[in-house]
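Asks: when you get a sec, could you give me coordinates for this:
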Amino acid sequence: MWAAGESDFFGMPTDLRACIRWYARADLSNWRTTEQAINELLEVKHAQGFEGAFDLVESHNEAWLRLEAFLNERLAIPGSRCAKWTG
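Replies: Residues are numbered from 1 along each chain as shown. Reported below is the predicted structural model:
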């Protein structure tokens, strides 16, 4: 799993950290810094020999649905979309 979020990586439970291949910390209320974090994840992913973009954006929180839609649109990932950006 490739992940981006606001939490400190080492503050996360050990079993969760063990599932994450690479983590980018970002202010999720700022769409631009979140997009930068996702681009960082893609760079690392490709540098490690993994092809393509991501298949899924999963926010696990209703408060982040607009951000999820924004990332889906930017990365051409199937899923929710926003008709108008205000971020």
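Asks: so where is the protein shaky, pLDDT-wise?
Replies: Residue ranges of the chain with pLDDT under 70: 83-87.
Asks: hmm, 90 instead?
Replies: For the chain, the stretches flagged by pLDDT under 90 are 1, 31-32, 35, 52-87.
Asks: quick one: the helices in it?
Replies: Applying DSSP state H to the chain gives helices spanning 14-17, 31-47, 65-75.
Asks: mean neighbour count and distance to Phe54 added to these, as JSON lines?
Replies: In this view, the C-beta of every residue, glycine as well, is placed from N, C-alpha and C. Listed next are the helices of the chain as JSON lines, based on neighbours: other CB atoms under 10 Å; distance: least, CB to CB, whole Å:
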{"stretch": "helix 14-17", "mean neighbour count": "10", "distance to Phe54": "18"}
{"stretch": "helix 31-47", "mean neighbour count": "16", "distance to Phe54": "8"}
{"stretch": "helix 65-75", "mean neighbour count": "18", "distance to Phe54": "6"}
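Asks: got the ones you listed as CSV, with distance to Arg81 columns?
Replies: Converted to CSV, the helices of the chain look like this (distance: least, CB to CB, whole Å):
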stretch, distance to Arg81
helix 14-17, 28
helix 31-47, 14
helix 65-75, 5
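Asks: nearest to Arg25, out of the ones you listed?
Replies: In terms of CB to CB, the element of those nearest to Arg25 is helix 31-47, at 7.1 Å.
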